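Q: Whatever this is, show me its structure:
(one chain, ligands or ions: 2)
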Amino acid sequence: MTIKAYGAHAGDRPLESMDITRRAPGAHDVQIDIAYCGVCHSDLHQVRSEWAGTLYPCVPGHEIVGRVSAVGAHVSGFQEGDLVGVGCIVDSCQHCEECEEGLENYCDGMVATYNSATPDAPGHTLGGYSQQIVVHERYVLRVRHPEEQLAAVAPLLCAGITTYSPLRHWKVGPGQKVGVVGIGGLGHMGIKLAHAMGAHVVAFTTSESKRQEALALGADEVVVSRNADEMNAHRKSLDFILNTVAAPHELDDYFVLLKRDGTMTLVGAPASPHPSPQVFNLIMKRRSLAGSLIGSIPETQEMLDFCAEHGIVADIEMIRADEIEAAYERMLKGDVKYRFVIDSATLAS
Ligand code: NAP
Ligand code: ZN
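A: Ligands and ions are numbered 1, 2, ... in the order given. Sure, this is the predicted structure:
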């Protein structure tokens, strides 16, 4: 089937309306009419070729929500009309150690929702800036939020799971002081989720304008990171730091805020490296530096259910498809409150 999408033909070309094709649903496939798709900073990195290996045409988008419009003969978990989501993963090898442990996000053969090799035309996956997607039911998530919240659920499919997974893995909870660095799409979800898990949350931002808003998101304290006195007040006090910043910066500024045995986990994926950390900032207090990639499919469902139960959604600004480029420029300035979401109905016009 031919549908409308928004994508780019080269890294230095703007996104434009294009026609793409989707396969007819196979026996285990779910066909989804996309209602909304969030705009992740990874979309910008990928479509503008900031990371190696972008395949063109590139249709980004991995924060997809919508309604099931058809199912294959052997689909057992979904039926037409269901509210569902698709995140960053649409397939994996099914037999490696990671897949067997239910961690397909770490499978070397993981097929990402866009920019991964696939037998479907044009030979690589095309993402959610499009009217429809066809996905094996194993990678389809059930949305249990009320339908009127659907647009604000979309960012949970990447920003939500990418922050939920490390917060759970490093066992963030009551009695702990947790830092969230960068209050963008991921960071604002990190604040909401760490707060809901019972931690004392300190938000770190470069934007004075986000100081009050971060408190409303669930932060207990806010630090404007350009202010050395404010930073110093937190030395050796944090159990865990979730760093979501999309650009290279001095990691040492944050290591010194960790307690003995504290961990800083990077989820931000800048195109060029951070300046190296000072080894002594790690060894003198047995601190750790870690990374984390989105989350598995079972954990994404767990996160969606946790958010439905706790009434958590993203703070969003709805845009039309022809406003995506302008949204990218605002994202680069940190001017997002806190996630752009594309109204897929505007792809047709
Ligand atoms: P975003 O909405 O643009 O937020 C990033 C935030 O970082 C900004 O709002 C800003 O917050 C802060 N920041 C400080 N200095 C910056 C600078 N020079 N340039 C850009 N941001 C700066 O981005 P996002 O969608 O949350 O994604 C954040 C990063 O995570 C991206 O690199 C993305 O590719 C990556 N990511 C990784 C995974 C994973 O699995 N590990 C998944 C999704 C995304 P303040 O104004 O508060 O300083
Ligand atoms: Zn993303």
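Q: show me the contacts for G160.
A: G160 is in contact with 189, 193, 303-304, 307, 312, 314, counting by C-beta atoms under 8 Å, 6 or more residues apart in numbering. Where you see a C-beta, it was placed from the backbone N, CA and C, and this is true even at glycine.
Q: can you give me phi and psi for it?
A: phi -70, psi -50 (degrees, to the nearest 10).
Q: Against ligand 2, how distant is the residue of the chain found nearest ligand 1?
A: Ligand 1 sits closest to G184 of the chain, with a gap of 1.7 Å, by C-beta to the nearest ligand atom. Computed as C-beta to the ion, to the nearest Å, the G184 to ligand 2 distance reads 11 Å.
Q: Any buried residues in stretch 121-134, and which?
A: Residues of stretch 121-134 classed as buried: 124-134 (neighbour count, 16 or more other C-beta atoms under 10 Å).
Q: Any idea how far apart the tips of stretch 119-126 sit?
A: Its start and end residues considered, stretch 119-126 measures 12 Å (C-alpha to C-alpha, to the nearest Å).
Q: now that stretch, how far from the centre of its chain.
A: The chain centre lies 22 Å from the centre of stretch 119-126; the measure is C-alpha atoms, centre = their mean, to the nearest Å.
Q: Go ahead and name everything in contact with that stretch.
A: 5, 7, 20-23, 55, 57-59, 90, 111-118.
Q: same check, this time on stretch 137-149
A: Stretch 137-149 has contacts (C-beta under 8 Å, 6+ apart) with 28-30, 32, 65, 71-72, 75-78, 82-87, 89-91, 150, 153, 157, 297, 300-301, 304-305, 307-308, 313.
Q: Which of the contacts of G160 ranks first by neighbour count?
A: Among these, the one with the most neighbours (other C-beta atoms under 10 Å) is M189, at 32 neighbours.
Q: Alpha carbons only: can I get stretch 149-165 in PDB?
A: C-alpha atoms of stretch 149-165 as PDB (Å, rounded to 0.1, in the frame of the first residue of the first chain):
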ATOM      1  CA  GLN A 149      -4.200  11.300  26.200                       C
ATOM      2  CA  LEU A 150      -3.000   9.400  23.100                       C
ATOM      3  CA  ALA A 151      -0.800  12.200  21.700                       C
ATOM      4  CA  ALA A 152       1.000  12.700  25.000                       C
ATOM      5  CA  VAL A 153       1.500   8.900  25.300                       C
ATOM      6  CA  ALA A 154       3.600   8.800  22.000                       C
ATOM      7  CA  PRO A 155       6.800  10.100  23.600                       C
ATOM      8  CA  LEU A 156       6.700   7.300  26.200                       C
ATOM      9  CA  LEU A 157       7.700   4.900  23.400                       C
ATOM     10  CA  CYS A 158      11.200   6.300  23.300                       C
ATOM     11  CA  ALA A 159      11.800   9.100  25.800                       C
ATOM     12  CA  GLY A 160       9.800   7.200  28.400                       C
ATOM     13  CA  ILE A 161      11.400   3.800  28.100                       C
ATOM     14  CA  THR A 162      15.000   5.200  27.600                       C
ATOM     15  CA  THR A 163      14.700   6.900  31.000                       C
ATOM     16  CA  TYR A 164      12.600   4.200  32.800                       C
ATOM     17  CA  SER A 165      15.000   1.300  31.900                       C
END
